[in-house]
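Participant: Pasting a predicted model and its sequence here:
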Amino acid sequence: MKILVCISHVPDTTAKISFVNDNKDYNKEGQQFIIGPNEELALTSAIDIKDAKGGSITALTVGQAEVEPTLRKALAMGADDAIRVNAEPKDALNVATQIAEIVKNNQYDVIVTGRESIDYNGGQVGEMLAELLDIPSVSGVNGLDLEEGKAILQREIDGGFEKIECEFPLVLSGQKGIAAEPKIPAMRGIMMARRKPLTVVEPIAFDDATEVLEHSLPESKAACTMVDPENMTELVRLLHEEAKVI
Amino acid sequence: MSVLVYTENWDGQFKKLSFELVSYARTIASQLSTEVVALSIGNVADDELNKLANYGADKILNLSSEDYNDFNPQHYSNAIAEAAKKEQANVCVFANNIRTRAIAPRVTVKLEAGFVSGCVAAPESTSPFIVSKKAFSGKAFARVQINKENKVLSLNQNSFGIKEDAKTVNVEGFECALKTSKSKIVELKKNTGKMSVLDAEILASGGRGLKKAENFELLEKLADILGPTATVACTKPVADLEWRPHSEHVGQTGKVVAPNLYFAIGISGAIQHLAGITSSKIIVSINSDKDAPIFEASDYGVIGDAMDVMPKLNEAIKAFKENA
């Protein structure tokens, strides 16, 4: 089984965010970057399956040289090799197009993405990629098993779940539940990661379909109105008369 | 030219979200001096379909073939793209939920469009086409320009609201041959009854501060008193401990909600949880720790033990409802 896991290099959730260049770009200065939490769980699931059933896992990301430590972390977790497409990932369709190009040259059985990256929360690349490759896709995957030639997936739906069988090749987008918790690289994994192959590929020409012009921060909330715990009638009054939510 | 809006149905019924999407499409169509075409897929009765006209749909396409009874992203996106081409829609509007996330990106590729997911308002301009969306898990906003002739937008629930704009409507049957797909649903399990946290107008949400699963009875009581549009939610640790089902987990890796009123009870306010609630209109927190970060994110706060405060809150709400 050849598995491709597409990961994003994103600022840690607890990062205090700010912007530069007239708020056009994210301020990377002094920030901790991580593998996106959804992809990290999806990668863990793929590694567990590989360990049990055999196969190979390639970790891929679109980004400049600064993202390589994140790829090395995926290798340390258990991916066998890595690919970096040398471009800034500014537009989902562009990213999907770059990955599609790699897949066309490489024949993967299963392509794994995360539900969404935690920077732009788009959740677009996986399904765009499937459409570009004209293969099926399953999103919201919170349970995964792979057998010869097919995937058996559980996906979340409103108030329940679906169990789906899908022949290879396919794209799946994983989320919480696909693995119980992310795999923590062991010392040995970290040492080996340095020697596993990391290939850099130049992007194909593609015009971004969308462009972020500017970021802004939400207006800060007014100070919290504190209410005496003995006076819940007052809270109810405020919610009714002032907030008008009941 | 037209604006196509995909209006999902749930067992043949539309929800408030469906009407919000039509209202949104209507606003964009007015900006572009064009019409709104609503597309429904599935078995929806005519009187339900006609409701869409109240919110500004000029035309309603009804794809009712049984071939589409099972949700399949390839099938649905193909039908929607075909409808868009037929109606010369250069803007397509979707909700931003699990199902539409499986379809909208595919439609984007088929229409060679630019896609902005998670929009929070109508476009600020249509030429150039610029629209705002949420970013960084709710910690920021981004203004995004779409540089392609065709545009796909997905709207965050409860960020635009419902605007009535009655039109005389034209319901047309729509057919689209099924594409083949190698993916099939082999089992479907639905927990019926409870309203999804995504649709609730009021959420009574609990964290580890409640100490044990049984204590959530107080939140269930609160939701009960507040009525059918109120339901219970929880944090990730609570779902992981299996005190509540995973479907109630609100947060960065759970559900992102946008209720009118969010009660955060025994919840400290970790960033991952806040990422799920920043679109709430009003947040009320109850926590025994005066320094809990949740208070910074709240509109109203009560410092106290949830087990002491909740019975009093429930009483006060009950009295209010009885006098209303």
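Facilitator: That came through, no problem. Numbers count the residues shown, from 1 in each chain, chains lettered A, B, ... in the order given.
Participant: can you give me the helices in chain B?
Facilitator: Listed in chain order, the helices of chain B (DSSP state H) span B:16-31, B:46-50, B:73-86, B:98-110, B:217-226, B:236-240, B:271-274, B:306-323.
Participant: nope, chain A is what I meant
Facilitator: Using DSSP H, helices in chain A cover A:37-53, A:68-77, A:92-104, A:125-133, A:187-193, A:232-237.
Participant: looking at those helices, which is buried most?
Facilitator: Scoring the helices of chain A by mean neighbour count under mean count of other C-beta atoms under 10 Å in any protein chain shown gives helix A:125-133 as the most buried, with a mean of 27. No exception for glycine: its C-beta is placed from N, CA and C like everyone else's.
Participant: relative to helix B:73-86, how tilted is that one?
Facilitator: Orientation check (axes from the mean of the first three to the mean of the last three C-alpha atoms, to 10 degrees): helix A:125-133 against helix B:73-86 gives 70 degrees.
Participant: which helices and strands sit right next to helix A:125-133?
Facilitator: Applying 3 or more C-beta pairs under 8 Å, 6 or more residues apart in numbering or on different chains; DSSP states H and E, we find helix A:125-133 packed against strand A:2-6, helix A:92-104, strand A:110-114, strand A:137-147, strand A:170-174, helix B:73-86, helix B:98-110.
Participant: Run a quick neighbour tally on the closest residue in space to residue B:317 that isn't next to it in sequence.
Facilitator: Using C-beta to C-beta, 6 or more residues apart in numbering or on different chains and skipping residues adjacent in sequence, the residue nearest residue B:317 is residue B:225, 5.2 Å away. Residue B:225: 19 surrounding residues under other C-beta atoms under 10 Å in any protein chain shown.
Participant: I'd assumed residue B:319 was in contact with residue B:225.
Facilitator: No: with contacts counted by C-beta atoms under 8 Å, residue B:225 stays clear of residue B:319, the gap being 9.9 Å.
Participant: Now do the same contact list for the residue lying closest to residue A:46 once chain neighbours are set aside.
Facilitator: Once flanking residues are discounted, residue A:46 sits nearest to residue A:3: 5.1 Å by C-beta to C-beta, 6+ apart. With contact set as C-beta atoms under 8 Å, 6 or more residues apart in numbering or on different chains, residue A:3 has these partners: A:46, A:49-50, A:55-58, A:108-112, A:146.
Participant: what's the answer for residue B:264, then?
Facilitator: By C-beta under 8 Å, 6+ apart, the contact set of residue B:264 is B:205, B:207, B:277, B:283-287, B:294, B:298.
Participant: what about 6 Å?
Facilitator: Applying C-beta atoms under 6 Å, 6 or more residues apart in numbering or on different chains, we find residue B:264 in contact with B:205, B:285, B:294.
Participant: Quick check: residue B:314 vs residue B:265, distance?
Facilitator: Applying C-beta to C-beta, to the nearest Å, the value for residue B:314 to residue B:265 is 11 Å.
Participant: ah, wrong one, I meant residue A:7
Facilitator: According to C-beta to C-beta, residue A:7 and residue B:265 sit 36 Å apart.
Participant: Likewise for residue B:293?
Facilitator: 15 Å.
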